[in-house]
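S.K.: How does the following fold in three dimensions:
(one chain, ligands or ions: 1)
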Amino acid sequence: MTAIDPHYEGMVAISARALTKIYDDDGGGATVAVDGITLDVAPGEFVVVVGPTGCGKSTFLRLIAGLVVPTSGEVTVYKDVSLVSPSLYPHLSVAQNIGFPLRAHSWPAGEVAARVLEIATRVGVAELLNRFPEHLSGGQRQRVSIARALVRRPQVLLLDEPLSNVDAGTRAALRGEIVTVTRELGVTTLYVTHDRTEAMTMADRVVVLRDGAVQQVGPPHDVYADPDDVFVATFLSAPPISLLAGALQVTDAGVVVDLGSQALTLPSASLPASFGNARVTVAIRPLLLFASGRPMSLTGKVHSIENLGHELLVLVEVGGVPSLFGPAAAFLSVRATAPLSVGDALTVGVGVDDLLLFDGAGKRIRFGAPLDRIS
Ligand SMILES: Nc1ncnc2c1ncn2[C@@H]1O[C@H](COP(=O)(O)OP(=O)(O)OP(=O)(O)O)[C@@H](O)[C@H]1O
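M.R.: Numbering: from 1, shown residues only. Got it, this is the predicted structure:
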């Protein structure tokens, strides 16, 4: 349970209103790093801002921290904000590093030691208190920098890609630990990353950012299951979602998605007749080979196989045309455990939930149930 101070119940911990930052380039041009972001974060909430490199994540966080002055728009944040800084003081021990913010505020030495031990224990570095930063692993350094940011019990914690220099195993452990400790302390957390796994596993809500603008906000599994556009669907999908060009036909039997050499018929879906012949992008989630009971199927030939250990990721050539929004080649990604060889012929079942449609601008086309037919 999140321990929110009742005093803040119903209040907003972080509020951004039409927040915009435009940097002037040396060459006289301008870069819109953050483009009109409006976002409220509730007390105790863990929000992950996720997007590809250069989409404005760090600038947004620095605007919230007050380190960057907005070009326009407004930021309101709880008074006590702490930005996790990855660089530790090399000449100070772990205990001195963690206690630094308290000593800077002239806390009595005994109270500093007690508070340092308490937060170091929570963050899992209590046995390292006498070490110096050069004798710490990357993961241990991150833990210490988080402990230093939390030692004054801030109301708001800001983290910028804290796990980017940490090995995969430690990263997985730290994901859970950061969520646990911030929840226990009830601290409102804004966490920026380019890593979809961190967004999916850590966030109460994700904010997907592209070119400085918010694409979609919501609980991670809602955004994953119901993306508003092809960018969000592609960014959050692992293994990658397959993107094929198609044409829609709206018939009495249902919606037919013509992929060129083969077609999928969604019997229980309906769309207004005006969608007939619309050029669409068909996004197909990584399919499971041998999943039974699927109402549709696609056939193709195994093009390449990547062995991930626990499963095979198989790219299947289905004779489709690549979508405008996808890679140059049109393959279907299929997850399999059975042995397969390049060139094998495959038939893969496709469920209605495996398939998402997007219009020419990349916006989602949502089906209605048959009774909702407007046509
Ligand atoms: N001080 C600056 N002066 C000029 N342009 C900047 C400055 N800081 C960032 N930018 C530009 O603003 C855009 C957003 O940068 P930002 O660092 O916020 O993105 P990011 O999503 O955090 O990227 P990354 O994941 O690579 O750190 C980029 O095009 C970047 O080149």
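S.K.: interface residues of the stretch 151-300 of the chain facing the ligand?
M.R.: Proximity of the stretch 151-300 of the chain to the ligand, by Cβ under 6 Å from any ligand atom, involves residues His194. C-beta: built from backbone N, CA, C; applies to glycine.
S.K.: Which residue does the stretch 151-300 of the chain have closest to the ligand?
M.R.: Residue of the stretch 151-300 of the chain nearest the ligand, by Cβ to the nearest ligand atom: His194 (5.1 Å).
S.K.: ok, that residue touching Thr53?
M.R.: Yes. Counting by Cβ atoms under 8 Å, His194 sits close enough to Thr53 to count as a contact (5.9 Å).
S.K.: The two: who's more crowded?
M.R.: His194 (17 against 7; other Cβ atoms under 10 Å).
S.K.: Poorly predicted segments of the chain, please.
M.R.: 1-10, 368-375 (pLDDT under 70).
S.K.: what about the longest helix in it?
M.R.: In the chain, assigned by DSSP state H, the helix with the most residues is helix 168-185.
S.K.: what packs against that helix?
M.R.: Packed against helix 168-185 by the contact rule (3 or more Cβ pairs under 8 Å, 6 or more residues apart in numbering; DSSP states H and E) you find strand 46-50, helix 109-123, helix 138-150, strand 188-193, helix 196-202.
S.K.: Select, out of these, the one closest to Pro239.
M.R.: helix 196-202 (11.3 Å; Cβ to Cβ).
S.K.: outside of that closest one, which residues touch it?
M.R.: If you take Cβ atoms under 8 Å, 6 or more residues apart in numbering as the criterion, helix 196-202 is touched by 46, 48, 50, 163, 175-176, 178-179, 191, 193, 206, 208, 220-221, 224, 235-238.
S.K.: gap between the nearest residue to Ala245 once chain neighbours are set aside and Val282?
M.R.: What sits nearest to Ala245 in space, not counting adjacent residues and going by Cβ to Cβ, 6 or more residues apart in numbering, is Val321, at 4.2 Å. Distance of Val321 to Val282, given as Cβ to Cβ, to the nearest Å: 10 Å.
S.K.: Which one's more surrounded, those two?
M.R.: Val282 (22 against 13).
S.K.: and that one, helix, strand or coil?
M.R.: For Val282, the assignment made with DSSP: H, G, I helix; E, B strand; the rest coil gives strand.
S.K.: what pairs with it across the strands?
M.R.: Beta-bridge partners for Val282, by DSSP bridges, are Leu244, Leu357.
S.K.: So it sits against Ile241, correct?
M.R.: No. At 10.0 Å, Val282 and Ile241 do not qualify as touching, with contact defined as Cβ under 8 Å.
S.K.: Any chance you could list residues touching both of the two?
M.R.: Counting by Cβ under 8 Å, 6+ apart, the residues touching both Val282 and Ile241 are Leu356.
S.K.: As CSV, the helices and strands packed on helix 168-185 with distance to Gly66 and mean neighbour count would be great.
M.R.: What follows is the helices and strands packed on helix 168-185, written out as CSV (distance: least, Cβ to Cβ, whole Å; neighbours: other Cβ atoms under 10 Å):
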stretch, distance to Gly66, mean neighbour count
strand 46-50, 17, 25
helix 109-123, 24, 17
helix 138-150, 15, 23
strand 188-193, 13, 26
helix 196-202, 24, 20
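S.K.: will you turn those into JSON lines that also has distance to Met296?
M.R.: Output for the helices and strands packed on helix 168-185, formatted as JSON lines (distance: least, Cβ to Cβ, whole Å):
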{"stretch": "strand 46-50", "distance to Met296": "31"}
{"stretch": "helix 109-123", "distance to Met296": "49"}
{"stretch": "helix 138-150", "distance to Met296": "45"}
{"stretch": "strand 188-193", "distance to Met296": "35"}
{"stretch": "helix 196-202", "distance to Met296": "27"}
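S.K.: Is Val334 in a helix, a strand, or coil?
M.R.: Here Val334 is recorded as strand under three-state DSSP.
S.K.: Contacts only, for the residue of the stretch 151-300 of the chain closest to the ligand.
M.R.: Shown in contact with His194 (Cβ under 8 Å, 6+ apart): Val50, Gly51, Pro52, Thr53, Lys57, Glu161.
S.K.: which residues in this structure form helices?
M.R.: 57-65, 94-104, 109-123, 138-150, 168-185, 196-202, 220-225, 230-236.
S.K.: And the contacts of the third one?
M.R.: To tie it back to what came earlier, the one meant is helix 109-123. Residues outside helix 109-123 that contact it (Cβ under 8 Å, 6+ apart): 94-95, 98-99, 102-103, 107, 126, 128-129, 143-144, 146-147, 150-151, 177, 181, 184-185.
S.K.: how about a cut-off of 6 Å?
M.R.: Applying Cβ atoms under 6 Å, 6 or more residues apart in numbering, the contact partners of helix 109-123 are Ala95, Ile98, Gly99, Leu102, Ala126, Leu129, Arg143, Ile146, Ala147, Leu150, Val151, Val181.
S.K.: for the first one, same thing?
M.R.: With Cβ under 6 Å, 6+ apart as the contact definition, helix 57-65 has outside contacts at 19, 21, 33-34, 49, 51, 68, 70, 75, 83, 158, 160, 192.
S.K.: Grab the nearest non-local neighbour of the most centrally placed residue in the chain.
M.R.: Centroid-nearest residue in the chain: Ala199, 3.4 Å away (criterion: Cα atoms, centre = their mean). Distances taken as Cβ to Cβ, 6+ apart place Val50 nearest to Ala199, at 3.9 Å, with adjacent residues excluded.
S.K.: Name the residues linked to the one you found by a beta bridge.
M.R.: When bridges are taken as DSSP bridges, the partners of Val50 come out as Thr193, Val208.
S.K.: any idea how far it lies from the ligand?
M.R.: As judged by Cβ to the nearest ligand atom, to the nearest Å, Val50 and the ligand stand 10 Å apart.
S.K.: Thank you, goodbye.
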